[in-house]
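**Student:** Predicted coordinates and the sequence they were generated for:
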Protein chains: 2
Amino acid sequence: MKKVPLLEIFGPTIQGEGMVIGQKTMFLRTGGCDYRCSWCDSAFTWDGSQKPDLMEAQEIVTQLEAKGGSLFSHVTISGGNPALHDGLGEVVRLLQEKGIQTAVETQGSFWKEWMTDIDEVTISPKPPSSGMQTNWEQLDTYIHRLKGRQKKQVSLKVVIFDETDLSYAAEVHERYPEVEMFLQTGNDEWSTAENQWLLTHLLNRYEWLVEQALHSERLNDVKVLPQLHTLLWGNKQGV
Amino acid sequence: MKKVPLLEIFGPTIQGEGMVIGQKTMFLRTGGCDYRCSWCDSAFTWDGSQKPDLMEAQEIVTQLEAKGGSLFSHVTISGGNPALHDGLGEVVRLLQEKGIQTAVETQGSFWKEWMTDIDEVTISPKPPSSGMQTNWEQLDTYIHRLKGRQKKQVSLKVVIFDETDLSYAAEVHERYPEVEMFLQTGNDEWSTAENQWLLTHLLNRYEWLVEQALHSERLNDVKVLPQLHTLLWGNKQGV
C-alpha cells in the first residue's frame, strides 16, 4: 500500500477554473512537484514551507467523508503534481466504488495508469513565463492515452501571463485541435491580501486575455476563463 | 424561406454563462418570446422597445461573416426564445456546412426539429421568481429528444434569485439527474450603469448562491456560475 503525501483536504467548495468550472467538489492537494514554475500559486506544495502528511488511501477517503459528510459527489485532485503518486490509484478506486466522480490536474510530465480512471483530466502544460520546458513527445503520448475514453473527458489549460505565453497556447491548440482548450488568467499577485485591489487587477488581466483571444485567428475555438475562487476569496488557502 | 426576426448580431466575444462559459463565439439574438419573466435582462426582445429586422438565413450568415471575419468558429443563438423561429434551421445548416459550431439557449417551451442539430443546447426552465409556470411533461419530452445525441450536449440552467428558486432548481435536478446542471446568479440590477457597485453586488449574490449550494444535499452534482460578461462589462448590450 503506497502512501500519498497530502497537504490539504478541504471542501465542499466550488472548482474555480477550467473544464469543470463552478462544480461543487471536495479538494485533495498533494505535496511535491517536478516543476518549479516561477509564478506557482501553490509553491507551498514543493518549497518546503508546509509539511505533507503521508496517508493511506482509506484514511484519505475517511477524512474526505468526515469533512464533506453527505454534501459531495465529486473530488478534485490537485497539487503539486498528483501524477507523482502511485497511491492515488487506490483513492480513485475507493471513490468510484462510492459513485463519486473524480477530476485531476497535472502538467502531463509523468504518466500514471490511474489517470485513465479519472472522469475529468485537465492537462496544463506550462508556458514560457513559467521558466519550464515542454516535452512535446511526452505530451503527445499523454493526450493519446486519455482521448476517446467512454464518458470521460480530457482538456488542455494554459495559464497566460504575456504575449509569448499566448503564442505558446496557440501552438498547443494547433497541435491538439480536437482537445477542448482553456486559456486562464495568470495571477501575478498571489501573495497580496488586498482583495478589492486584487479583484480589479485580475478582472483587468482577464479582460486583456479575452481581447487577445478575440483578435487571434489561431485561437478561435477556445474558452477564456478567470479563476472564480480568486475573484470571490482572493488568495486565501483552503477554499 | 422563413425569415427570422433578429435584434442583434455581434461578436466575436465570449459566452459569459452556462455550459460553454468562456467560449469565443458570435451571438445572434432573436426577437419575440412566449414568456414575460419578471426579471428578464433582455426584455427589449419582447417589450416592443426595439424593432427586429426580418432576415433570411443567407443574409444572417453573410452578416455574421462581415462582423466576425476569420475570427470565429462558434455561433450562439439567444433571445427572446429562439425556438419560436422555423427559419433558424436553415441558419444552423449553413453554419454547419462551414464547419461552424452552434449553441442555443431556450426555456424549453416550444420544440423545433433544428434543435437536434445544435452542438450545445442549454435548456433554462424558469423558477418561481420569474412569474412563469413550468410545463413538466413538455420539459420531459424536450430533454428526452436531446439526450444521447452523438458528440452533442444538453444542459439545464436555472437562474436563482431566492430560496424558493433554489428549491425549484433542486426539483429540476432530481427530475433529470443525468443532465448537467448549472445554477446561475440572477441579476436583479439589470438597468444600473454603476459598474463598480454592480460588480460587488453580483459577486456577493454569487457568493450567497455558492454557499447555498454547498450546504444542500439535493444539490451535490451541480455547477454554480456567475455571468462573466456582467462582471467584465456591466449591463452593456451587444458585448
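**Tutor:** Thanks, I have the structure now. Numbering: from 1, shown residues only, chains lettered A, B, ... in the order given.
**Student:** Can you tell me the strand partners of the longest strand belonging to chain A and which way each runs?
**Tutor:** Taking DSSP state E as the assignment, the strand of chain A that covers the most residues is strand A:4-14. As defined by DSSP bridges, the strand partners of strand A:4-14 come to strand A:24-30 (antiparallel), strand A:53-55 (antiparallel).
**Student:** Distance from the first one to the middle of the chain?
**Tutor:** Same thing as strand A:24-30. Distance of strand A:24-30 from the chain centroid (C-alpha atoms, centre = their mean, to the nearest Å) equals 10 Å.
**Student:** could you pull out the helices for chain A?
**Tutor:** A:57-68, A:88-97, A:136-146, A:163-175, A:195-214, A:228-233 (DSSP state H).
**Student:** nearest to B:Lys126, of the ones you listed?
**Tutor:** Closest approach to B:Lys126 among these (C-beta to C-beta): helix A:228-233, 24.5 Å. All C-beta spots, glycine's among them, are computed from the backbone N, C-alpha and C.
**Student:** Output the contacting helices and strands for the closest one.
**Tutor:** strand A:4-14, helix A:195-214, helix B:195-214 (3 or more C-beta pairs under 8 Å, 6 or more residues apart in numbering or on different chains; DSSP states H and E).
**Student:** run the last query once more with 7 Å
**Tutor:** Helix A:228-233 sits against helix A:195-214, helix B:195-214, with contacts defined as 3 or more C-beta pairs under 7 Å, 6 or more residues apart in numbering or on different chains; DSSP states H and E.
**Student:** and the last one, does that touch chain A?
**Tutor:** Yes - part of helix B:195-214 sits near chain A under the criterion C-beta under 7 Å from any C-beta of the partner chain, namely B:Leu203, B:Tyr206, B:Glu207, B:Val210, B:Ala213, B:Leu214.
**Student:** one step back: okay if I get the strands paired with strand A:4-14 as JSON lines plus mean neighbour count and mean pLDDT?
**Tutor:** Listed next are the strands paired with strand A:4-14 as JSON lines, based on neighbours: other C-beta atoms under 10 Å in any protein chain shown; pLDDT from 0 to 100:
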{"stretch": "strand A:24-30", "mean neighbour count": "24", "mean pLDDT": "98"}
{"stretch": "strand A:53-55", "mean neighbour count": "16", "mean pLDDT": "97"}
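**Student:** Let me see the confidence value for A:Ala193.
**Tutor:** At A:Ala193, the model reports a pLDDT of 83.
**Student:** what sits against it?
**Tutor:** Neighbouring residues of A:Ala193 by C-beta atoms under 7 Å, 6 or more residues apart in numbering or on different chains: A:Gly234, A:Asn235.
**Student:** I'd like a version of the helices and strands packed on helix A:228-233 in a markdown table, one that adds mean neighbour count as further columns.
**Tutor:** Shown next, in a markdown table, are the helices and strands packed on helix A:228-233 (neighbours: other C-beta atoms under 10 Å in any protein chain shown):
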| stretch | mean neighbour count |
| --- | --- |
| helix A:195-214 | 17 |
| helix B:195-214 | 17 |
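**Student:** Which of the ones you listed sits closest to B:Ala170?
**Tutor:** helix B:195-214 (9.6 Å).
**Student:** Which one of the helices and strands packed on helix A:228-233 lies nearest to B:Trp111?
**Tutor:** B:Trp111 lies closest, by C-beta to C-beta, to one member of the helices and strands packed on helix A:228-233: helix B:195-214, at 30.0 Å.
**Student:** Packing partners of the closest one?
**Tutor:** Counting contacts by 3+ C-beta pairs under 7 Å, 6+ apart, helix B:195-214 packs against strand A:4-14, helix A:228-233, strand B:180-185, strand B:223-225, helix B:228-233.
**Student:** switch the cut-off to 8 Å
**Tutor:** strand A:4-14, helix A:195-214, helix A:228-233, helix B:163-175, strand B:180-185, strand B:223-225, helix B:228-233.
**Student:** A:Trp46: what's it in contact with?
**Tutor:** Listed by C-beta atoms under 8 Å, 6 or more residues apart in numbering or on different chains, the contact set of A:Trp46 reads A:Gly31, A:Gly32, A:Cys33, A:Arg36, A:Cys40, A:Gly80.
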